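Novice: here's my sequence, what's the structure:
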Amino acid sequence: MAATHEVTIADRGWRRRERRATAGLLAGPLLWLLLFFVIPVGFVAAYSVGAVGLFPTDTGVVSLSSWERLLTGGSVYMGLFWKSIRMSLTVSAVVVLVAYPVGYFLALCVGRRKYVLVLLIIAPFLTSYLLRVLAWKVILGDAGVINSFLQWVGLTDRPIEWLLYSQFTVMLVLAYIWVPFVALPVFVSLNNLDPSLLEAAGDLGASRWRTFVRVTLPLSLSGVFAAFLFVFIPTIGEFVTPLLVGGTSGYMYGNAVQDLFTRGLDWQTGSTLALFLLAVVALLMAVFGRFLRLREIAT
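Specialist: Alright, predicted model coming up:
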């Protein structure tokens, strides 16, 4: 009995030390999360209902009026939100369709040089994001490379206006920005495929296309969905690219949030829009995460 009691005391002491060590390891990240996420989001939530005010124009009265204005059917901001959703869906679909062949080629067709090629694809995109976006203004502008070439060969007699400051420009530049980074999860997903599965499909008489449809694509869908989400969520709230190359027709939801906080100084409405976007992104993450886990369980 005495030995059993001593073992129990030692076990309790070990568990106590383990809990303290775990708490010590988690203290730093939890403090960081509290200071730089929970408190700021709480401040934004309080501001969205008027519980906090920093400007003389703030009423200081708790109200859901800004949420009512946002969620009503005729809200300008909801129109911008759905416009941003459509543009983000288009960009994400195009990027995945372009990036998948790149990832497929690197993972299954190159061989030993694949990591060198991955580095070469990513290297140019380690430069300034701003410089790469501004470079497209030089390419697509009225006196840019494309318009100058088209007029030189006689295909047009004046610049094509919609090449710059339009929704097309915003989606084109965003697709250009994201393709190399989206190719990475596709590459990793395809690179982890068991080559024996592809060899077995070939031995059973399946053509390359049938092998791709029945074996390669289903096994890489997790990487495809991750790549799609990797583009879709950030581009919903994008504001830098539309600001530089979008003009009035390329104005997106993120630009409205920026203008409300900077030019309009309407922090209550801006906080409402920002919190709504955060809630939508969190919901999308939960839905996609659940969907991906279910796919992994099913396969």
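Novice: C-alpha only now, for contacts and for neighbours.
Specialist: OK.
Novice: any idea how the protein splits into domains?
Specialist: Domain assignment for the chain, taken from automatic domain parsing, gives 1-48, 64-298.
Novice: export those domains as CSV, with columns for distance to Phe55, mean pLDDT and mean neighbour count.
Specialist: Below are the domains of the chain laid out as CSV (distance: least, C-alpha to C-alpha, whole Å; pLDDT from 0 to 100; neighbours: other C-alpha atoms under 10 Å):
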stretch, distance to Phe55, mean pLDDT, mean neighbour count
domain 1-48, 11, 77, 13
domain 64-298, 8, 85, 17
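Novice: could you dump those domains into CSV with distance to Leu54 added?
Specialist: Listed next are the domains of the chain as CSV, based on distance: least, C-alpha to C-alpha, whole Å:
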stretch, distance to Leu54
domain 1-48, 9
domain 64-298, 9
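Novice: helices along the stretch 151-299 of the chain, start to end?
Specialist: 167-191, 195-203, 208-211, 217-219, 221-236, 240-245, 253-262, 267-298 (DSSP state H, counting those that start in this stretch).
Novice: who does the fifth one touch, helix- and strand-wise?
Specialist: For helix 221-236, the packing partners by 3 or more C-alpha pairs under 8 Å, 6 or more residues apart in numbering; DSSP states H and E come out as helix 76-108, helix 167-191, helix 267-298.
Novice: at 10 Å what do you get?
Specialist: On a contact count with 3 or more C-alpha pairs under 10 Å, 6 or more residues apart in numbering; DSSP states H and E, helix 221-236 meets helix 76-108, helix 167-191, helix 217-219, helix 253-262, helix 267-298.
Novice: same question, the second one
Specialist: On a contact count with 3+ C-alpha pairs under 10 Å, 6+ apart, helix 195-203 meets helix 208-211.
Novice: contacts for the helix it packs on?
Specialist: Contacting residues not belonging to helix 208-211 are listed as Leu197, Leu198, Glu199, Ala200, Ala201, Gly202, Gly205, Arg214, Val215, Thr216, Leu217 [C-alpha atoms under 10 Å, 6 or more residues apart in numbering].
Novice: pull the distance from it to the chain's centre.
Specialist: Relative to the chain's own centre, helix 208-211 is displaced by 31 Å; criterion: C-alpha atoms, centre = their mean, to the nearest Å.
Novice: use 579 as the first number for this chain going forward.
Specialist: From this message on, residue numbering opens at 579, which makes the last subject helix 786-789.
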